[in-house]
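Trainee: Kindly generate the corresponding structure for this input.
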Amino acid sequence: MNLKDQFEELCLFFTKDVELIDTLWKEIETKYAEKGRHYHNLLHLENMFRELDAVKSNISDFTTVSFSVFYHDIVYNASSKSNEEKSALKATERLTEIGVHQRDIITVSNQILATKHHQKSEDEDTNYLLDADLSILGKDLDTYLAYTRMIRKEYSIYPDLLYKPGRKKVLQHFLELDSIFKTGYFKEKYEVQAKSNIAAEIQLL
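Mentor: Next up, the predicted model:
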């Protein structure tokens, strides 16, 4: 199922207003296709859903996690420090419009905010979301290096002098975590390769 159909199906649980659903989808499509989004685009969402589909039976509320995927990067500006907060606010507004239960909206908002620091959560659904978000780190080296080039393009406003130390700091942070991945499934699947990829990128910076 493509992303548009998936989003429509999600929304139809809460509203039968197909025009509203279409408007919300067009907003997602437009935001994720903004100029300058080389990695944080619809392909990133597709990859996350592919990863999460494999562990769907382990996720207690796949609906809220799905909304979190769709909205977690809806606001993305490489020079901003508040993308996650703005994305969470946008999700709250939109999900309120379609009548999602307040409790679930708070869950989605919290899950989106959790993608800022990627700390292990007491909520296992959130951990699956975080792991899917970072799954690119554990792909084969060629795929990983292609990802690093896309990230560099997204941060092209910064010269190497600023970009390289900043990127190195982010990568070191990941290596210092007890585990990059928070769930058993993703840890087993990607942890070793992710650490190897990150170490390789640090060498190249």
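
Trainee: make it CA atoms for all contacts and neighbour counts henceforth
Mentor: Noted.

Trainee: Show me which residues of stretch 96-108 are buried.
Mentor: The neighbour-count check on stretch 96-108 (16 or more other Cα atoms under 10 Å) flags 98, 100, 104-105, 107-108 as buried.

Trainee: now, which of those sits nearest D53?
Mentor: Taking Cα to Cα as the measure, D53 lies nearest V108 of those, at 18.1 Å.

Trainee: and the gap between that closest one and I59?
Mentor: Separation of V108 from I59 (Cα to Cα, to the nearest Å): 14 Å.

Trainee: what about S179, neighbour count?
Mentor: Neighbour count for S179, taken as other Cα atoms under 10 Å: 15.

Trainee: For it, report the pLDDT, please.
Mentor: As predicted, S179 sits at a pLDDT of 94.

Trainee: ends of stretch 152-159, how far apart?
Mentor: Criterion Cα to Cα; first-to-last residue distance in stretch 152-159 is 10 Å.

Trainee: Which positions in it come out as buried?
Mentor: Neighbour-count burial for stretch 152-159 flags 152-155 (criterion: 16+ other Cα under 10 Å).

Trainee: For it, which outside residues touch it?
Mentor: For stretch 152-159, contacts defined as Cα atoms under 8 Å, 6 or more residues apart in numbering pick out 36-39, 78-79, 163.

Trainee: Now flag whichever of the residues you listed is closest to R94.
Mentor: Of all the contacts of stretch 152-159, R37 has the smallest distance to R94: 22.0 Å, by Cα to Cα.

Trainee: Name all residues that make contact with that closest one.
Mentor: Shown in contact with R37 (Cα under 8 Å, 6+ apart): E154.

Trainee: Helix or strand next in line after the one helix or strand in the chain whose mean pLDDT sits lowest, which one?
Mentor: Ranked by mean pLDDT, DSSP states H and E, the helix or strand of the chain with the weakest confidence is helix 160-176, at a mean of 95. Downstream of helix 160-176, the first helix or strand assigned by DSSP states H and E is helix 184-204.

Trainee: Give the ChimeraX command for selecting the buried subset of the contacts of stretch 152-159.
Mentor: Here is the ChimeraX command that selects the buried residues among the contacts of stretch 152-159 (16+ other Cα under 10 Å):
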select :36,37,38,39,78,163
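
Trainee: Of the contacts of stretch 152-159, which belong to helices?
Mentor: Under the assignment DSSP state H, those contribute Y163 to helices.
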